[in-house]
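K.L.:
Build me a structure from this.
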Amino acid sequence: MDSSVYIQIAKNAIQAHFDGVGVDKDRYVSMHPELSEKKACFVTLTLHGHLRGCIGSIIAHQSLIDDLTSNAVSAAFRDPRFSPLSRTEYSEISLEVSLLTHPKEVVYQDQNELKQIIRPHIDGVILRLNNHQATFLPQVWDELSDFDSFFAHLGLKAGIGSDPLPYHPEIYTYQVDKYEEKNDEY
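P.N.:
This is a model prediction of the structure:
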């Protein structure tokens, strides 16, 4: 399947939301049957190089076409960090779709061992402690490139503080296949 299909579906889902119509999912699935398989994805929107919305699923719980369209609409209109996307912004955004592998639990004794296991720029990380959970896609290593800074921000995102590892949280890793569209005007 041409990887641009993922971007096209996400863009069409956002446009369809503006227009008050639905995406013709059956047409896409008839052309690309693998879209009916359960997969987890994230959709990330950037505007002039800055994050403008990012919503996704960590665990595959629905077909890829459903996950892709719902996450695209949520990233554009329901990310609580941003106001809903405007039509003007829509014409200027860049889209990125990340397809996630199934997360695997990391067994580790201490922070030093975890540091040896985690692969920066390859592993996405899920941190879970009691009712707190957060994840960073592997792309976040581009901004938080050292282990300590990455986990400090992940701990803050999870709501357990900037030093989460002494609590020995559950750690899971996953990898992504990333597809991106760049807006040439940026």
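K.L.:
Which strand residues bridge the residue positioned nearest the centre of the chain?
P.N.:
The centroid of the chain falls nearest to residue 42 when counting by C-alpha atoms, centre = their mean (3.0 Å). Note on residue 42: beta-bridge partners by DSSP bridges are residue 56, residue 98.
K.L.:
who touches it in this structure?
P.N.:
For residue 42, the set of contacting residues under the criterion of C-beta atoms under 8 Å, 6 or more residues apart in numbering consists of 54-57, 71, 97-98, 100, 137, 176. C-beta coordinates here come from the backbone N, C-alpha and C atoms, glycine included.
K.L.:
Closest one to residue 22 out of those residues, please.
P.N.:
Using C-beta to C-beta, residue 71 comes nearest to residue 22 of these, at 15.4 Å.
K.L.:
do you know how far the closest one is from residue 30?
P.N.:
Per C-beta to C-beta, to the nearest Å, residue 71 is found 22 Å from residue 30.
K.L.:
go on, residue 115?
P.N.:
Residue 115 is 47 Å from residue 30, where distance means C-beta to C-beta.
K.L.:
Compare the two and say which one has the larger neighbour count.
P.N.:
Of the pair residue 115 and residue 30, residue 115 is the one with more neighbours under other C-beta atoms under 10 Å, namely 14 against 11.
K.L.:
so what pLDDT did that one get?
P.N.:
pLDDT, residue 115: 97.
K.L.:
Outline the domain layout of this protein.
P.N.:
Here the chain is described, according to the TED database, as comprising the domains 5-100, 104-174.
K.L.:
For residue 181, find the nearest of those.
P.N.:
Between residue 181 and the domains of the chain, the shortest gap by C-beta to C-beta is with domain 5-100, which sits at 4.6 Å.
K.L.:
Show me the longest helix that occurs in the chain.
P.N.:
Within the chain, and with DSSP state H defining each element, the longest helix by residue count is helix 4-19.
K.L.:
Could you give me the buried positions within that one?
P.N.:
If you call a residue buried by 16 or more other C-beta atoms under 10 Å, then helix 4-19 has these buried ones: 5-7, 9-14, 16-17.
K.L.:
Same question for stretch 27-39.
P.N.:
Along stretch 27-39, the positions that meet the burial threshold by neighbour count (16+ other C-beta under 10 Å) are 28-29, 32, 35-36, 39.
K.L.:
in this structure, which segments are predicted with low confidence?
P.N.:
Applying pLDDT under 70 to the chain flags the ranges 1, 3, 182-186.
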